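Visitor: Structure here, sequence nowhere to be found:
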């Protein structure tokens, strides 16, 4: 606690000039923070070092990061990132979420139904080409379409030429465009996962909490042509991080909003976030109610519910930051300073001066549309989502590649189809429960005369509609989906599957809303965002990293404890603490331990470090990021942030404010694999001890 | 964290009517909360139960509580309560604070220089006699003198008749007066104390922190006529408290300010507390600087520094509560409601209606005097305090008993002399350092023309004055003090001891200020306080407990964990957690472990509970209170509160707000005595297994 008796400083005064703080940033590989690394940590990586790190790090399409830890394609990530696949390969008889999984031999490695792994093989700056595609005098909407068409063209050219998954990546809200090319693995097999009860010890309570006692890890292996793929990989650190040690995290942070204008932030605070909370709450509650009907129902929904709990808790943390006066004051001061610098130079003012008011004007129209945008969707049901995608695909496929929605063109389409044709199990009762709850709430939110509601519910009730369409659809059958995809618009239009019929009614509404948002908001975001980015470059140079967008980045910092209230929090925890917390709660759920841990605590060296914290700038999507040292050895496995760090969606939380990322310590991983799981073979492979 | 997206309730709205919350109160033994106990905990103690608990609980004049745990006068309290005596019996060669102490036999039990132990033997309501001593028409000052004279008379009568230490106890700010009679033990011997590093693990950082890992315990034995005294005593619980179990704490809470008016609270917030912080900071910093000169200097000041650190951290917590809007709003609402109820009845309005404005008027004059009151003292030096007391005593002894300052009359005087004649060591270098620093700061605060400064410093400098008076005084010698006390005013006036000479110059100023405060503030506190108390009784009955004043009380509650932020805190910790926290900090001080704990961790059952929390309403002075169950067995040893609870000086912090008292678990005490300290004999005595 600060001394209340000393005069107080208003923090925001310190923030009136944008500056890069120590350890700030999620940096692209084309622009790593070499200056900061050298000055603060005396670290000067070679090009080879950077290439090695990039090629050993992967993106998982389930939403997370992983890294290779052996030359035979062994991949480590978090249990919670692997959770979607664990759920999909589990059955009522074999619950790999609850019980964990270990493939003692290659033959036992279990194929994942729809996990795609991407490695960033190359990247190229195409800013000039994309930006210049927008013709002088074009409206925002037209410019947007022109840029998107150019982007599609570049993507297609790259895909055709390289065979790699090629994506246009927009950085700095349109200040830069790059083409990223990924090597793609779709034969991914499960090797190891611990019991969820140790991967997620303390459950939602301990989520975003530190000190922490979790072993949130899992292993996959990528295959190529039926054999383990030969991959670039990280070596393993035998000791893990020392207190204060410099660490780097390559990873795919999902999304930040740090370059938003104050008008955009206010919209988030007053409309966007509350609406998002409402949407997630509806889904989570539906899963809770469904899960209460039987243990098997609870099992079916457990991964999705955990994800929603996590998202909701994170959103509360983010919103807390946004509702406090400090963060928004800082943003206002930064914006004011940049606009003043722009106004001071006529050529800047002419080119960029109106960007902020353009955004403000565009966003003033958004609240009136927000509810329709949020509720006019069927995405809470997997079957209904599939139906919607099939109908949209059948229509988009008629258009030239560069006029399609992003996900229906080029190499994105392949990944989309990979998901649509996944053999992962679908539980009709759960589908019904989720979709019914969703439509009932949508009806309340939008009213009976809303076009989406009328199209779906008409004179019936949500429950009647859902009962009929989910009850009778054949889309749970992968072959049915495939024949519709292959059959194109004719087949889809002719289909009398009731869910496809429903999707046909809904898609025009979805299109209308998506186009409205594209033309009225996103096009302004891009046009004005590009201006603001260019103004920022002109005034400050390329001194900050671009907002996260689930592409590969480098974060960095130190393994470091912090002050909390009037006491100190250590940089690492140990297995001793796991037992302390479990026994303190008399092992009541969610503080209960898997049987293995109760029986085997004499086998473990309890002083082994379990989790640790570091100052690196991360966000959701960094789950599973390897934490590496300057020798590019893995010292830990990132899996979370503490609660103090959550507002970092909107602004970097300085290390001194106590925000920390949380990881599993590398030594804990080897210790448990060997001593509790009998997984010496796996440990040997990780340590290169064949 | 509360859901930010739900509408917020303003807490203070709930508080507009005074109500006793669950587990609120520090109740006198004449008015235990029988109704609450019965309703919430189905507990109905007999008179014998209450008498037993009262007679087995003690007050320690060092400032804390203890309890007897064997029929042979074995007494348990906190190591930090025993700290003053440990410091006094330690030397450069034998540091019992650092190393702990264990008397393996009766012969090794070590006599404490000046520890007095009081047992409350009987109590009697004398409200009518004292209140009616104030004659109709007397001014506040006169009424105050009349009441004090009556109180002195009652005390003397009781002492003469019973031979017991007899004290008038003012409750409810003068709403009630009682005579409390104590049996007094002054032959108190040290039996056991652990190393400070385990009694105070985590140091000032972990003070007021929970989860907590401390073994803050010590044992004394009271003697009578050279033999272990036969005492009433508590039995020991073999299992300690269950989660949710009802617990009671008898103890001597030091001081609360819950019945203060809003005007008094504002004074505390704006003047009293900041000034108190300044005073303590000066002393603490002086000890820090002195301690930095050598390890032996650090040892000499360590207990005092720890007490100051503790007081300062607590004051910050209290001030935090007072500066927040919720607490003062609640107080304002309560006061408004009571004044409205008084105003509604003419007879109440006539008798009590002006009390609040009288206080407000009196306190309006206090800020102008505050600095003189705070700084015109020599109490930062033990020698100078002794000198001041001797001079005051020589003058007070000339007066009739009932006209003396409280501490110079009747049985209080005996206790005062016991302290003045203590053989505890005095360190002249430390005395010099403390007194010099104090006078330098007093000079800055008061200026060179202040009477106190002129009397002491004159044309010299603080350091010159101190160097001479402390360098040449003979008061470190107990015999010198005794001859001055025995020699009376003649001897004191004739003394050429330079510190006595200085005290003679200072005492008139101290008297002037003390009398000013007595006549202008305290007399109004009492007169108006009595009116407010009577108004409260008339409107609400005797529904709340009186403010704490270091007399015997009963607190109660449940062993219960709580929510903190978005996670849960368990009701108990274990030895596992001690090792987790120590290793997490790589055993850096103050998170290092005594050697015994490092070497012997395999001897302990680490799942043994170490500390635990409960909802009881406690405050400083409750340190060392036994935590007992409904069978009056000790389940724990109270030693602290968590940080959430600190504002409870001003208002009860509800259990749902996370405020908790912290105790050592009874099982941890036996486990460590037996397995780490080889103190089976002591453990056997506690468990009655001779």
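Guide: It's in. From a predicted model like this one, the values you see are computed outputs, not experimental measurements. Residues are numbered from 1 along each chain as shown, chains lettered A, B, ... in the order given.

Visitor: Looking at the stretch 351-500 of chain A, what residue ends up closest to chain B?
Guide: Closest contact between the stretch 351-500 of chain A and chain B, by C-beta to the nearest C-beta, is at residue A:374 (14.1 Å). The C-beta positions use only the backbone N, C-alpha and C, and glycine is treated the same way.

Visitor: now that residue, nearest residue through space, not along the chain?
Guide: residue A:275 (4.9 Å; C-beta to C-beta, 6 or more residues apart in numbering or on different chains).

Visitor: Hmm, that neighbour is touching residue A:372, no?
Guide: No - Residue A:275 is not in contact with residue A:372 according to C-beta atoms under 8 Å; the separation is 10.8 Å.

Visitor: related to what we said a few turns ago, so the residue of the stretch 351-500 of chain A closest to chain B, which state does it fall into?
Guide: helix (DSSP: H, G, I helix; E, B strand; the rest coil).

Visitor: mind checking pLDDT for it?
Guide: You'll see residue A:374 listed with a pLDDT of 96.

Visitor: That one and residue A:366, how far apart?
Guide: For residue A:374, the distance to residue A:366 (C-beta to C-beta, to the nearest Å) stands at 11 Å.

Visitor: Mind giving me the packing neighbours of the helix or strand the residue nearest to residue A:374 falls within?
Guide: Secondary structure assignment for residue A:275, by DSSP states H and E: helix A:273-291. Under the contact criterion of 3 or more C-beta pairs under 8 Å, 6 or more residues apart in numbering or on different chains; DSSP states H and E, helix A:273-291 touches helix A:295-323, helix A:367-375, helix A:428-446.

Visitor: In contact with the residue of the stretch 351-500 of chain A closest to chain B: list those residues for me.
Guide: A:275-276, A:278-279, A:445 (C-beta atoms under 8 Å, 6 or more residues apart in numbering or on different chains).

Visitor: Around residue A:520, count how many other residues there are.
Guide: Counted with other C-beta atoms under 10 Å in any protein chain shown, residues neighbouring residue A:520 total 16.

Visitor: What residues does it make contact with?
Guide: A:362, A:365-366.

Visitor: that's a helix at it, yeah?
Guide: Yes - in this structure, residue A:520 lies within a helix as judged by three-state DSSP.

Visitor: any idea how far residue A:642 is from residue A:425?
Guide: Relative to residue A:642, and taking C-beta to C-beta, residue A:425 is found at 35 Å.

Visitor: For the two, indicate the residue with more neighbours.
Guide: Taking other C-beta under 10 Å, residue A:425 and residue A:642 do not tie; residue A:642 has more neighbours (23 against 13).

Visitor: Can you tell me how far that one is from residue A:612?
Guide: Applying C-beta to C-beta to residue A:642 and residue A:612 gives a distance of 12 Å.

Visitor: got it, and residue A:453?
Guide: In terms of C-beta to C-beta, residue A:453 sits 50 Å off from residue A:612.

Visitor: likewise residue A:182?
Guide: Where residue A:612 is concerned, residue A:182 sits at a distance of 31 Å (C-beta to C-beta).

Visitor: again, but for residue A:301
Guide: Plainly put, residue A:301 is 32 Å away from residue A:612 if you go by C-beta to C-beta.

Visitor: and what of residue A:475?
Guide: For residue A:475 relative to residue A:612 (C-beta to C-beta), the value is 45 Å.

Visitor: what about the helices in the stretch 401-550 of chain A?
Guide: A:410-420, A:428-446, A:451-456, A:462-472, A:478-494, A:498-517, A:523-540 (DSSP state H, counting those that start in this stretch).
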